[in-house]
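K.L.:
here are the coordinates; sequence isn't available:
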């Protein structure tokens, strides 16, 4: 018993020493001016969130700003609660949330805390919400997809030249998550990129109905390959499609990061949105007391849209140079991805199109988006709204969730 | 027999042996528990310090971590901001409600591991009423319907395993666990149908429980506080409470003194399930106004520990819930601020519960070391 008591006393003493040391250290902590709060749907284990988490760390470290992150925040009142906590407890002046479904809850907080700035990725409601402190952001990711498409088209050309199949048989496959504008805009720009170098190319698209379902994505990719697709790309977050390609030896253009390590024999290139420029932009705005754009869409020029290194073992010769060339043309404005001269809908070139830009439950078309022969994607709001079914692309199924 | 043989063969008394004891005075038991809590706090701090040191060295001191925990639970209460305190009380209320629900079943030695599913299905009942009847029936009528449906749903989820236990003596632990999966999948399916493209059911406007004094959480807190008192009285002073005790101690005794054991098992499990249903209803109709498969978030399992730690006494359970939630929310804040994975809070709570529950071993058994070396030689 005495031994026990002695042990207990030692433990208590150790703890108090710890505490004493600690408090001294704690007081030295520098008070920083600006604090940013990040709300993430999942954590680092999701490629989607990891892309945001890495960018948040890079941007805040580079600018010497303190940030606090709340991970695993579902698209529910938990998002509102997290925002309130970040403001009330941590004193954040800027809140960012990364998932589409966070939007209405973030807006609820934005209405209450008018002196705090709220930024939301992939959302659609900021330009109609009438809140000065609520902002949407996205990127002209279709530019990156277009470049990746160029790489795909060059690979097809190489395979045609090698006599593996004829130019008429050049068909690509695309595994999409949902039949929404975000995905349609993505695969159409990818297709147009490929078509710009391989004019005879066609494409089949299958949808899984989930942003992350490894099995379904794999099955869809296998079905496309069996259906005669010579090259596969995808817009969904798992390794399903890349793995299926590696198993079948079919070239793959990936998304949201390199899959080179897992698929060395088939990976060509991958595009993704880089959020670091946006984070730096909003931090600078708040620091300087300037207004943040209601809708901000980064471009390939602002380095918001980036490509991974090309896997030269798989890609056709000259791909790296060609990508640089096209990229320069896009930045210079010589190439517009959604130039109506480059695609037809039902055999006709479009001169006018009303898209659903303003948020409503019925998806009512409300805004003319074609100007001077160009479909202006991500101009009237940052989130994509290109949802045309252009010729040359066949939808094998549709899935709206 | 084998033990005796071994003892004779080895001649030596084993270095350590364990003996049951039932004579420990209460203060000694509490010293053991105190040491367990202290140990767990030291382990917890050590882990937090090491991890914080890697990601945010400026947070790697005990005082900063303690302050961060305090902020995570009470927020900036000294500056007149009570947001976090209310949130804390709400979290305590929901977890306590589930723990209270489990207690009568546990006292009866019916190991109901299905609080998660029973609460989910209660919440499911509420959300279905909100979506299907919202706007068609006035809220004044809708709310009572929601209450009744939630309680019924929860009760049915408790009733099914109870029937099988009472008549076929099936294993209730496995049965209630299975029922959790069924409840989760039912909700997954419903969210799939109702949730649309983003697979999220938007918060419903109709059928929300009224706010007391304009506070989102007060009604839930008051209801659970009342339930705590009612449950204490029910277990301690009612005839039902007595019957539960007897059935728990010995079903044969219960039968001998004329208690209908089957009836008690079924009735108690219906109450247990119904109360879980109330918990789910408070969460869905009271605060969230929507449901997800992870709405309860594993609290149905934490509730098992709470009930056990509280020794089936509702008032001790209040303290235990308060402590567990303090740790969970406090360490959650440490994880946020130190940029650690959010699972960190769960790991810490797990370690603390392990220490505290594990120490009961030393309360119930004494560990005896070999005393006399001379004896060994002889």
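P.N.:
Cool, got the structure. What you see is a predicted model; the values in this text were computed from it and never measured.
K.L.:
who are the contact partners of the residue in the stretch 251-378 of chain B that chain A sits nearest to?
P.N.:
In the stretch 251-378 of chain B, the residue that lies nearest chain A is residue B:342 (4.6 Å; C-beta to the nearest C-beta). To be clear about C-beta, it is placed using only N, CA and C from the backbone, and glycine gets the same treatment. By C-beta atoms under 8 Å, 6 or more residues apart in numbering or on different chains, the residues touching residue B:342 are A:43, A:70, A:71, A:72, B:332, B:335, B:336.
K.L.:
highest neighbour count among the residues you listed?
P.N.:
Highest neighbour count within those: residue B:335, with 28 neighbours (other C-beta atoms under 10 Å in any protein chain shown).
K.L.:
hmm, residue A:306 and residue A:274 touching each other?
P.N.:
Yes: at 4.7 Å, residue A:274 counts as touching residue A:306 under the criterion of C-beta atoms under 8 Å.
K.L.:
the two: which has the busier surroundings?
P.N.:
The residue with more neighbours, out of residue A:274 and residue A:306, is residue A:274; 22 against 17, by other C-beta under 10 Å.
K.L.:
from residue A:307, how far off is that one?
P.N.:
10 Å (C-beta to C-beta, to the nearest Å).
K.L.:
try residue A:281
P.N.:
From residue A:281 over to residue A:307 (counting by C-beta to C-beta), the distance is 21 Å.
K.L.:
am I right that residue A:299 is in contact with residue A:305?
P.N.:
Yes: the criterion here is C-beta under 8 Å, and residue A:299 meets it with residue A:305 at 6.3 Å.
K.L.:
wait, what's in contact with residue B:131?
P.N.:
Going by C-beta under 8 Å, 6+ apart, residue B:131 touches B:194, B:201, B:204.
K.L.:
where's it, which helix or strand?
P.N.:
Residue B:131 is part of helix B:115-133, with elements assigned from DSSP states H and E.
K.L.:
which parts of the helix or strand just after that helix are buried?
P.N.:
For helix B:115-133, the succeeding helix or strand toward the C-terminus, using DSSP H and E, is helix B:139-168. Within helix B:139-168, the residues that count as buried by 16 or more other C-beta atoms under 10 Å in any protein chain shown are B:139, B:142-143, B:145-147, B:149-163, B:165-166.
K.L.:
and what of stretch A:104-112?
P.N.:
So, applying 16+ other C-beta under 10 Å, buried residues of stretch A:104-112: A:104, A:105, A:106, A:107, A:109, A:110.
K.L.:
same question for stretch B:70-84.
P.N.:
B:70, B:71, B:72, B:73, B:74, B:75, B:76, B:82, B:83, B:84.
K.L.:
what do you get for stretch A:291-298?
P.N.:
In stretch A:291-298, counting by 16+ other C-beta under 10 Å, buried: A:292, A:293, A:294, A:295, A:296, A:297, A:298.
K.L.:
same question for stretch A:93-106.
P.N.:
A:93-106.
K.L.:
is that stretch anywhere near chain B?
P.N.:
Yes: using C-beta under 8 Å from any C-beta of the partner chain, stretch A:93-106 comes into contact with chain B via A:100, A:101, A:104.
K.L.:
okay, which residue is most central for the chain?
P.N.:
Using chain A. residue A:273 (4.7 Å; C-alpha atoms, centre = their mean).
K.L.:
other chain: chain B
P.N.:
Centroid-nearest residue in chain B: residue B:303, 0.6 Å away (criterion: C-alpha atoms, centre = their mean).
K.L.:
on that earlier part again, save the residues of stretch A:93-106 next to chain B as CSV, and put in secondary structure too.
P.N.:
Supplementary listing: the residues of stretch A:93-106 next to chain B in CSV, determined by DSSP: H, G, I helix; E, B strand; the rest coil:
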residue, secondary structure
A:100, helix
A:101, helix
A:104, helix
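K.L.:
could I get those residues as TSV with pLDDT and distance to residue A:208?
P.N.:
Shown next, in TSV, are those (pLDDT from 0 to 100; distance: C-beta to C-beta, whole Å):
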residue	pLDDT	distance to residue A:208
A:100	87	17
A:101	85	18
A:104	89	26
